[in-house]
Structure formats: C-alpha cells, structure tokens
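**Student:** Below is the structure, and that's it, no one-letter string:
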C-alpha cells in the first residue's frame, strides 16, 4: 500500500487552516503518513507551527516555504519536490486551506485505487457557497478537452494522485495564477497510459467564493489574470464552441467578460 501525503498551500491563513483543512485531516478514518504545509509569501512563525501541530498532535508535519514563483502552483511544486525526496512514491492528497473533506475521503480514494494500482483517483466534489451545498460534481470518463471549457469536477481539494505521475508531467505550471487544476488535468489525461479511477461519490467540499480575497471570489483580479494565462496556454486547442463555453462560464461565476479576459491576455508577460 502506498503511503498518503496531504499537501496544503497557504498564504498563510491560519484561521482558515484551523477552521477547515486541519479538522478535515484530524477526522479522517485513514490518517495520512505526513502533512506538508507550504507557506507562500512569508514563513510560518514558530507559534503558528506550534498551533498547527497542537491540532494534530500525533501527525508528522513538514513545513516549507515556497521556493518557486509566488502562488499556489509554486507552493505545490515546492511540496511535491520535498515529498519525492522523502518517499520513492506515494499518493498526494491536496486540500486547500479553506476546503474540507468527509471523514472517509482518504480511505475511499485508497480503496478505489485498488490499493496502489491506479495513478489517479477522482472523487466527487460538493460545491459550497455561503455554507450551503449548491451543486455536486461526480466526474467520470474525463477527457482533456472537457477542461478547455470549464472544470467538470477535478479541483485542488479532490486531487489524489501519485507523486511519480506529478513528476512525470512536470508538476504544476509555475507562475500560473489560477486554473491550475484544469491545466494539470489536461496534461495528465493526455497521457494514454494513465490509470484513472472514479469513486462516484462526493467526499470533498469546495468553498467557492467563501472569502473576498479568494481566487474564486467575484471580480478577483487574480482570477482574471489566471484565466487569461490559461487562455494563452490553450486557446489553440479550443474550438469556437469551446471558447464560448469558456467565456460564458467565467462571466457567470467570476463576473469577468470575454473583453476583460482578452484585454488581460494582451497585457501578459507569462510564457
């Protein structure tokens, strides 16, 4: 059985960690082998590390500072590099600091992996707005093209993937501000030999628009930049219908228009 390592990127936001992510880890019926927390922007202070460890007193922690470009992609890549230094391979289970898991999340993913046979396990995802579940995604038979239009349900907090697969696809795209889940999904699912399993049950909760400073908040400038970066990366693969769905979804969820995104793309220096 492969070990499971939980990976968290934070800016840091201790209040959210202690309210959402850490209780989710503590209540898991199957505990991870290690929790890796990567701080982006500044180092965690000693009292913050102690506070985190007190919430999970029997857990092995690794605290890191983002050693790549600022943002969640660089933070995750920093964590993945250290995880692969410690483990020859393992499952990486990502959770955002403001999201949560059901208590059976990790054990469900491991069971559907056939105890290490699968490269990726994609559980279902509840979408939460203002503390209410407004929708539930139960992904199945995902294709790379599905992620050109939007996200059919593979997000950060329901990512359960072998560290060796993350290494083989080059990890996350350093400097990509948002849409990191979609970018990773496209690159992973484009590998014909990847073994992906689906649990058909939702065990993760994504708190969408839960914080005015969150990437998913309406009119988030970072979301605008990230969507423009994603468009720059993948627009050549998009049909006209793909583009329509892409822009319509962003306007509905994040209140940025096609004109806003195209203008931002022209300002990009992202390569």
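**Tutor:** Nice, I can see it. A quick note: this is a predicted structure, and the numbers were derived from the prediction, not measured.
**Student:** from here on, contacts and neighbour counts on C-alpha atoms
**Tutor:** Noted.
**Student:** Strands of the stretch 1-150 of the chain, start to end?
**Tutor:** Remark: strands assigned in the stretch 1-150 of the chain by DSSP state E, counting those that start in this stretch are 4-10, 34-39, 61-65, 91-94, 100-101, 120-129, 132-137.
**Student:** likewise the stretch 151-271 of the chain?
**Tutor:** 160-162, 196-207.
**Student:** Give me the phi and psi angles of the spatially most central residue of the chain.
**Tutor:** The chain has residue 156 as the residue nearest its centroid, 1.7 Å off, counting by C-alpha atoms, centre = their mean. Here is the backbone geometry of residue 156 (degrees, to the nearest 10): phi -60, psi -50.
**Student:** Correct me if wrong: it contacts residue 183.
**Tutor:** No. Using C-alpha atoms under 8 Å, residue 156 is not in contact with residue 183, being 11.2 Å away.
**Student:** Now do residue 241 against residue 145, distance only.
**Tutor:** Per C-alpha to C-alpha, to the nearest Å, residue 241 is found 12 Å from residue 145.
**Student:** Comparing these two, which residue is more hemmed in?
**Tutor:** The neighbour count for residue 241 versus residue 145, taken as other C-alpha atoms under 10 Å, is higher for residue 145 (16 against 9).
**Student:** That one against residue 188, yeah?
**Tutor:** No. In terms of C-alpha under 8 Å, residue 145 does not count as a neighbour of residue 188; the distance is 11.9 Å.
**Student:** coming back round to it: so can I have JSON lines of the strands of the stretch 1-150 of the chain showing distance to residue 165?
**Tutor:** JSON lines is the format used below for the strands of the stretch 1-150 of the chain (distance: least, C-alpha to C-alpha, whole Å):
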{"stretch": "strand 4-10", "distance to residue 165": "14"}
{"stretch": "strand 34-39", "distance to residue 165": "18"}
{"stretch": "strand 61-65", "distance to residue 165": "21"}
{"stretch": "strand 91-94", "distance to residue 165": "10"}
{"stretch": "strand 100-101", "distance to residue 165": "23"}
{"stretch": "strand 120-129", "distance to residue 165": "8"}
{"stretch": "strand 132-137", "distance to residue 165": "24"}
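**Student:** Please tabulate those in CSV, including the columns mean pLDDT.
**Tutor:** Converted to CSV, the strands of the stretch 1-150 of the chain look like this (pLDDT from 0 to 100):
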stretch, mean pLDDT
strand 4-10, 98
strand 34-39, 98
strand 61-65, 98
strand 91-94, 98
strand 100-101, 98
strand 120-129, 96
strand 132-137, 94
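**Student:** just so I know, which of these lies nearest residue 262?
**Tutor:** Nearest of these to residue 262, taken as C-alpha to C-alpha: strand 120-129 at 27.6 Å.
**Student:** Parallel or antiparallel, list what pairs with that closest one.
**Tutor:** The pairing partners recorded for strand 120-129 under DSSP bridges are strand 132-137 (antiparallel), strand 160-162 (antiparallel), strand 196-207 (parallel).
**Student:** for the ones you listed, which one sits closest to residue 2?
**Tutor:** Proximity to residue 2 (C-alpha to C-alpha) singles out strand 160-162 among the strands paired with strand 120-129, at 8.9 Å.
**Student:** what's next to that closest one, contact-wise?
**Tutor:** 89-94, 109, 119-122 (C-alpha atoms under 8 Å, 6 or more residues apart in numbering).
**Student:** got it, and stretch 4-12?
**Tutor:** The contact list for stretch 4-12, computed with C-alpha under 8 Å, 6+ apart, reads 32-42, 44, 72, 75-76, 79, 83, 90-97.
**Student:** And the residues you listed, which of them are buried?
**Tutor:** By neighbour count, with 16 or more other C-alpha atoms under 10 Å, these hold 32, 34-40, 44, 72, 75-76, 79, 83, 90-97 as buried.
**Student:** got the residue ranges for the helices in this structure?
**Tutor:** 14-16, 22-26, 46-55, 72-86, 105-112, 146-149, 163-168, 180-189, 221-234, 240-254, 258-267 (DSSP state H).
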